[in-house]
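[1] coordinates for the following, if possible.
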Amino acid sequence: GREPTATDHDAAGEAFTRTLPPGVYKVNARAVIGGEEYAVTDVIPFTISSLKIFILPTNPNARYPYDTWEIAATNVESAFELATSGSVVTFGDGTHLIYKDRAINVPMTIRSQNGAAKTILDGGRRDIFAPHVSAFFLLNHRQATVEGLTLANGGNSKDLGISPLGIKAGRLVDCVVTNCYNYELNGTVWLSSDDTSDGSAAVVSNCVIAGNKMRVKDVKGVGVFADGAGCLVANCEIRNNRGVEYVDAGNHGALALMNGATAVNCLVAGNTACATGGLYVEGAKAYNCTVVSNESTMATSTPSSGGIWANAASEVVNCLSWGNVSATITDPADVRLNAGGSADAYRNCALPVERGAKCVVVADPCFRNAAKGNYNIRGRSPCTNAAEPMDWMTGATDLKGRPRTLGEGPDIGCYESTGIYGTAILLK
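    Residues are numbered from 1 along each chain as shown. Model (predicted):
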C-alpha cells in the first residue's frame with residue numbers, strides 16, 4: 001500500500017529518494033557475482049499503476065494512467081490491464097461494451113459513479129442462440145465487489161466455464177442483471193461456496209435479477225443458482241426470468257438453492273420455468289421470501305411446482321407463496337401450485353391451502369396492488385405479525401429497507417406491513 005520510490009542522483013552526484021508516479025519505467029540492472037559487478041544488458045520494463053482507475057464511454061483526453069475523470073479510459077480492456085490488488089475501478093454514466101470476461105482473484109472494487117440506473121455494462125449478446133459473446137466477471141476473493149452497475153446482454157463464458165456472472169467468493173451489491181442469455185449452465189448469476197469461516201463467502205444482496213432467459217436441459221436457477229453453505233442471496237428481486245422448454249426435461253426455479261445455501265427477504269415473481277417456476281430448494285434454506293405469480297410450464301417435468309419446491313432436508317420458513325400456476329396440476333386448489341415437495345420442509349409459511357400442520361392457511365394475503373407488481377402487504381393481512389422470530393432478524397431490514405420487525409412482530413414474506421388497517425375518524 002506504500003507509494004513506490006526510487007533512489008536517484010542530483011547534478012552533483014548526491015543520492016536522493018523520490019516518489020515514482022504512475023507510469024512505465026525501465027530498469028538497467030547490475031549483478032554482483034563473487035565480488036565482481038556485471039552489467040545486465042537487458043532493460044527490464046515495469047509499470048506502476050494507480051489504485052484509482054476511471055472509465056467513461058467517450059473521452060477525447062483519455063490517456064494513461066486513467067486515474068482522474070479528466071484522463072479516464074474509454075477502452076475497458078486497457079483499463080483492467082492496470083487493475084491490481086486494492087484497485088477501485090469506477091465506471092462513469094452511460095453504456096460500456098464488455099468484450100472479455102475476467103476472473104477477479106484479488107481484493108478489488110468495480111463500481112459505478114452514480115448507480116445502476118445510469119451505468120450499463122453491455123456484454124453484446126442479443127439472442128439465446130447467438131454465439132458466446134461475453135460473460136462479465138468471476139469473483140474469486142472475499143474482498144472482490146461489484147457494486148451499483150447494470151449488467152446487460154451477457155452470455156456464457158467458454159474460457160471461465162461460468163454463466164454470465166459467477167461468484168466463488170465476493171459480493172454483488174445494488175446491481176441489476178438483465179436480458180442475459182444462458183444456454184448451457186446453472187444460473188444467470190451463479191454462486192458456489194462452502195466457505196463459512198467469516199460469514200458467507202459468496203453474496204448477492206440488494207440486486208434485481210430480471211428479464212433473463214435460459215434454454216438447456218436439466219439445469220437450475222433461471223435467475224440465480226446458489227450451491228453451498230457459503231452462499232447467501234439477500235434482499236433481492238428475481239422477476240420475469242424465463243426458462244425455455246427443452247424436449248422432456250426441465251430447468252428448475254428462478255431462484256435455486258442447493259446444499260446449505262440461504263436466501264432471505266427475496267421476492268420471486270412472474271418467472272416461468274419448465275419444472276419449478278419460482279423457488280427450488282434442495283437441502284438449503286429460504287427465510288421470509290415472497291413467491292408469487294410464477295409458472296411451471298412443462299407437464300412432464302418432475303419435481304414440479306408453480307411456486308416452491310423443497311425436499312425434506314430443506315428449511316422453508318416464513319415464506320408467502322401465492323397465485324402460482326403449474327402445467328402438471330389440473331386442480332387449482334392443489335397445494336403443489338404453491339408448495340411442492342416434502343411437507344416437512346415448510347414451517348410457518350402462508351399458503352392458500354393446508355400444507356402439513358406447520359403452515360398458515362391464508363384466504364387473501366392482501367397485497368397492495370398485485371396487478372401492478374406491488375406485493376407489499378396491507379396492515380390487515382393475515383401475514384402481519386405472523387412470522388416466526390429468527391435470530392438473523394435482529395438489526396435486519398425487509399426488502400424495502402424497513403426494519404424487519406414493525407409492530408408486534410415480524411411479518412410473513414419479504415415485506416413488513418407499514419400500518420394497521422382500519423378507519424380513521426377526524427374530529428374538529
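
[2] list the contacts for residue 343?
    For residue 343, the contacting residues are 355, 356, 358, by C-beta atoms under 8 Å, 6 or more residues apart in numbering. Where C-beta positions appear, they are placed from N, C-alpha and C, glycine not excepted.

[3] quick one: the second one and residue 346 touch, right?
    Yes: Residue 356 is in contact with residue 346 according to C-beta atoms under 8 Å; the separation is 6.1 Å.

[4] who's more crowded, the two?
    Higher neighbour count among residue 356 and residue 346: residue 346, with 26 against 15, using other C-beta atoms under 10 Å.

[5] tell me the bridge partners for the more buried one.
    Beta-bridge pairing for residue 346 (DSSP bridges): residue 316.

[6] list the contacts for the residue nearest to residue 288 when sequence neighbours are not counted?
    Computed as C-beta to C-beta, 6 or more residues apart in numbering, the closest residue to residue 288 that is not its neighbour in sequence is residue 318, at 4.5 Å. Each residue near residue 318 by C-beta under 8 Å, 6+ apart is listed here: 287, 288, 347, 348, 349, 387, 388, 390, 410, 412, 413.

[7] who wins on neighbours among those residues?
    Ranking the contacts of residue 318 using other C-beta under 10 Å puts residue 413 first, with 33 neighbours.

[8] show me the shaky parts of the stretch 251-400 of the chain.
    Applying pLDDT under 70 to the stretch 251-400 of the chain flags residues 299-303, 328-335, 357.

[9] in stretch 182-194, what's buried?
    Neighbour counts using 16 or more other C-beta atoms under 10 Å place 182, 183, 185, 186, 187, 188, 189, 190, 191, 192, 193 of stretch 182-194 among the buried residues.

[10] could you export it as CSV, CA atoms only?
    Output in CSV follows, covering the C-alpha atoms of stretch 182-194 (Å, rounded to 0.1, in the frame of the first residue of the first chain):
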residue,chain,number,x,y,z
ASN,A,182,-27.8,-18.7,-20.7
TYR,A,183,-27.6,-21.8,-22.9
GLU,A,184,-25.6,-24.3,-21.0
LEU,A,185,-25.0,-23.7,-17.3
ASN,A,186,-26.8,-23.3,-14.0
GLY,A,187,-27.9,-19.8,-13.1
THR,A,188,-27.7,-16.4,-14.8
VAL,A,189,-26.0,-15.4,-11.6
TRP,A,190,-24.1,-18.4,-10.3
LEU,A,191,-22.7,-18.8,-6.7
SER,A,192,-20.7,-21.7,-5.3
SER,A,193,-19.0,-21.8,-2.0
ASP,A,194,-18.9,-23.9,1.2
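
[11] roughly how far out does that stretch sit from the chain middle?
    In terms of C-alpha atoms, centre = their mean, to the nearest Å, the centre of stretch 182-194 is found 11 Å from the chain centre.

[12] state the mean pLDDT of that stretch.
    Mean pLDDT, stretch 182-194: 89.

[13] can you check stretch 415-422 too?
    Averaging pLDDT along stretch 415-422 yields 72.

[14] one more: stretch 108-116?
    For stretch 108-116, the mean pLDDT works out to 98.

[15] got the buried residues for it?
    By 16+ other C-beta under 10 Å, the buried positions in stretch 108-116 come out as 108, 109, 110, 111, 112, 113, 115, 116.

[16] so which of the contacts of residue 318 are in strands?
    287, 347, 410 (DSSP state E).

[17] could you measure from the second one over to residue 228?
    Using C-beta to C-beta, to the nearest Å, one gets 23 Å for the distance from residue 347 to residue 228.

[18] could you do the first one as well?
    Spatial separation of residue 287 from residue 228 under the definition C-beta to C-beta is 17 Å.

[19] now do residue 388
    For residue 388, the distance to residue 228 - C-beta to C-beta - is 25 Å.

[20] can you check residue 291 too?
    Using C-beta to C-beta, residue 291 is found at 22 Å from residue 228.

[21] more crowded one of these two?
    Here residue 291 and residue 228 are compared on neighbour count by other C-beta under 10 Å; more neighbours surround residue 291, at 36 against 21.

[22] enumerate every residue touching the more buried one.
    268, 269, 278, 279, 307, 308, 319, 320, 321, 322, 324, 338.

[23] and the last one, how far from residue 319?
    To residue 319, residue 338 is 10 Å away according to C-beta to C-beta.

[24] find residues that contact each of the two.
    Joint contacts of residue 338 and residue 319 (C-beta under 8 Å, 6+ apart) are 291, 308.

[25] returning to what we had before: could I get the contacts of residue 343 as TSV with secondary structure and distance to residue 84?
    Shown next, in TSV, are the contacts of residue 343 (DSSP: H, G, I helix; E, B strand; the rest coil; distance: C-beta to C-beta, whole Å):
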residue	secondary structure	distance to residue 84
355	coil	52
356	coil	54
358	coil	52
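
[26] out of those residues, flag the one nearest to residue 260.
    Nearest to residue 260 out of these is residue 358 (C-beta to C-beta; 21.2 Å).

[27] need the contact list for the closest one.
    Residues near residue 358 by C-beta under 8 Å, 6+ apart: 343, 346, 347, 348, 349.

[28] please redo it, this time with the cut-off set to 10 Å
    Residues near residue 358 by C-beta atoms under 10 Å, 6 or more residues apart in numbering: 317, 343, 344, 345, 346, 347, 348, 349, 388.

[29] what is the nearest of those residues to residue 252?
    If you rank the contacts of residue 358 by distance to residue 252 using C-beta to C-beta, residue 345 comes first, at 15.1 Å.

[30] re earlier: the residue nearest to residue 288 and residue 364, how far apart?
    18 Å.

[31] before we move on, what about residue 119?
    Counting by C-beta to C-beta, the gap from residue 119 to residue 364 is 40 Å.

[32] compare neighbour counts for those two and give me the winner.
    Neighbours per residue, other C-beta under 10 Å: of residue 119 and residue 364, the larger number sits with residue 119, 24 against 11.

[33] wouldn't that one be in contact with residue 149 here?
    Yes: applying C-beta atoms under 10 Å, one finds residue 119 in contact with residue 149, separated by 5.5 Å.

[34] contact partners for the closest residue to residue 317 other than its chain neighbours?
    Closest residue to residue 317 apart from its sequence neighbours, by C-beta to C-beta, 6+ apart: residue 347 at 4.8 Å. By C-beta under 10 Å, 6+ apart, residue 347 lies in contact with 287, 315, 316, 317, 318, 319, 356, 357, 358, 359, 388.
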